[in-house]
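**Q** Dropping the sequence and predicted coords here.
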Amino acid sequence: MKNVTPIKSSALKPFALKALTAAVLGSMAFGAQAAEYEWTFQTSETSGEPQFELKKAWAENVNTMSGGRIEIEILPVNAVVGATETLQAVSANILQGHMTDPSYFSGQNPAFGMMGNLVGAWGDPVEFLDYMNYAGGEDIYNELAEPYGVHLIGAAATGLEALPSKRPIRSVEDLEGLKLRAPQGMVYNIFEKAGATPVNLPGSEVYTALEKGVIDAADYTVFATNYDQGLYEFAPYPNYPGFHSLPMVAISLNKDIWDGLPADLKAILETSVDSMSYEMVAMLKARDLAAVKKVNEDPNIEIIDMPAEERAKFRNIAKEEWAVWAEKNEITQKYYDSVVSYLQDHNLM
């Protein structure tokens, strides 16, 4: 039996630890045996990235928890198909699963982009996971994905992206006229509504564009990655925690395979994904906090945490764009209504 990668029990949902223990003990009772199911999952990361390694550990845990009945090979981005093609590949059983941002598939249905990153909605990844697990988010996603031949086992999140900036952004008003790198789509439109001047640049050009003053700030990625890439040398006023983007990670399996699984293996997969999703939050936050500690030692960099009332202002501006997307089809409207209801019930708007 393979070694199991430790899972921090404190990161599990309240009910999940009991379910996980029962599943592991039940599976181990069968003893080691040949795999009944051998699957290949493709991710959206390159080999060696922290999230890629965490996903490999998840596959090892599933193997152990299932008593060897499930073996999953985790492959990096572009290993079999391109990042925008995994939905079709999983549906066709070329891949059996993927672990990726649904926004890649927004060209097939705008609901994938909306659910993949509802810009401005979430102040913390735990809020997003709470919504997905307990307020109907996963059910709505499966209404979207299952007609494409894919079943969502569970959702994870990368964490709030930071916002490196050449000038302080302490309020929504400070976004006025800010030349901000943003990809086209919802995030671009929302920043434009908030008063910024979005500039559509690929991520590979962010460093040079900040260095040369082509842009003042960048919607790019999480705090630690921005730090590792040296962005704060040219943009010494990073917002952390961020207030805008929080991409979803969809852990999905071919629907026909899912439908044919016995109940105990479905429970193992669901519980293992729940565990990994909270482990991902904890791991990425630890990386961010380590980078924050280093940045705080540099008197030339000031970390800015936008006040709650300003975050609410930005969220309400973003809501205007959500409402535009909500009109695109039945699922986008259902998702919009569900999220707005959740945010209002939790006093987040």
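**A** Arrived safely.
**Q** in this structure, which spans are helices?
**A** In chain order, the chain shows helices spanning 16-28, 50-65, 86-91, 110-116, 125-134, 137-145, 186-193, 206-212, 223-228, 255-260, 263-296, 308-326, 330-345, with DSSP state H as the criterion.
**Q** Sort out which residues of stretch 191-206 are buried, please.
**A** By neighbour count, and taking 16 or more other C-beta atoms under 10 Å as the criterion, the buried residues in stretch 191-206 are 191, 193, 194, 196, 198, 199, 201, 206. Backbone N, C-alpha and C define where each C-beta goes, glycine included.
**Q** The second one is in contact with residue 320, isn't it?
**A** Yes: Residue 193 is within contact range of residue 320, at 6.0 Å (criterion: C-beta atoms under 8 Å).
**Q** want to throw the buried residues of stretch 191-206 into JSON lines with distance to residue 271 and pLDDT?
**A** Below are those laid out as JSON lines (distance: C-beta to C-beta, whole Å; pLDDT from 0 to 100):
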{"residue": "191", "distance to residue 271": "38", "pLDDT": "95"}
{"residue": "193", "distance to residue 271": "40", "pLDDT": "96"}
{"residue": "194", "distance to residue 271": "40", "pLDDT": "96"}
{"residue": "196", "distance to residue 271": "42", "pLDDT": "97"}
{"residue": "198", "distance to residue 271": "41", "pLDDT": "94"}
{"residue": "199", "distance to residue 271": "43", "pLDDT": "93"}
{"residue": "201", "distance to residue 271": "41", "pLDDT": "85"}
{"residue": "206", "distance to residue 271": "38", "pLDDT": "92"}
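**Q** Quick check: the farthest pair among those?
**A** By the measure C-beta to C-beta, the buried residues of stretch 191-206 have their two most distant members at 193 and 206, which lie 22.1 Å apart.
**Q** need the contact list for residue 76.
**A** 42, 43, 45, 46, 47, 52 (C-beta atoms under 8 Å, 6 or more residues apart in numbering).
**Q** what about the second one, neighbour count?
**A** I take that to be residue 43. The burial metric for residue 43, expressed as a neighbour count using other C-beta atoms under 10 Å, is 25.
**Q** I'd guessed it sits against residue 104; true?
**A** No: applying C-beta under 8 Å as the test, residue 43 and residue 104 come out as separate, 11.7 Å apart.
**Q** show me where pLDDT drops low in this structure?
**A** Along the chain, segments meeting pLDDT under 70 span 1-33.
**Q** care to break it down by domain?
**A** Annotated domains of the chain cover 9-158+245-287, 172-243+305-345 [automatic domain parsing].
**Q** Now that we have those domains, can you turn them into JSON lines and tack on distance to residue 296?
**A** Putting the domains of the chain into JSON lines (distance: least, C-beta to C-beta, whole Å) gives the following:
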{"stretch": "domain 9-158+245-287", "distance to residue 296": "15"}
{"stretch": "domain 172-243+305-345", "distance to residue 296": "11"}
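**Q** Residue 299 is nearest to which of those?
**A** It's domain 172-243+305-345; of the domains of the chain, that one is closest to residue 299 (C-beta to C-beta) at 10.0 Å.
**Q** Would you mind measuring the gap between the ends of that closest one?
**A** Counting by C-alpha to C-alpha, to the nearest Å, the length from the leading to the trailing residue of domain 172-243+305-345 is 23 Å.
**Q** Now do residue 274 against residue 58, distance only.
**A** With the distance defined as C-beta to C-beta, to the nearest Å, residue 274 ends up 11 Å from residue 58.
**Q** go on, residue 144?
**A** When C-beta to C-beta is the yardstick, residue 144 and residue 58 sit 23 Å from each other.
**Q** How about residue 160?
**A** Distance of residue 160 to residue 58, given as C-beta to C-beta: 22 Å.
**Q** Could you do residue 341 as well?
**A** Relative to residue 58, residue 341 is positioned 31 Å away (C-beta to C-beta).
**Q** So these two - more neighbours on which side?
**A** residue 58 (26 against 12).
**Q** so the more buried one sits right up against residue 276, yeah?
**A** Yes: taking C-beta under 8 Å as the definition, residue 58 is a contact partner of residue 276 at 4.5 Å.
**Q** can you pull the contacts of residue 129?
**A** Residues in contact with residue 129 (C-beta under 8 Å, 6+ apart) are 155, 156, 157, 277, 278, 281.
**Q** OK, contacts around the third one?
**A** Yep, that's residue 157 we're talking about. With contacts defined as C-beta under 8 Å, 6+ apart, residue 157 is in contact with 122, 125, 128, 129, 246, 247, 248, 249, 277, 280, 281.
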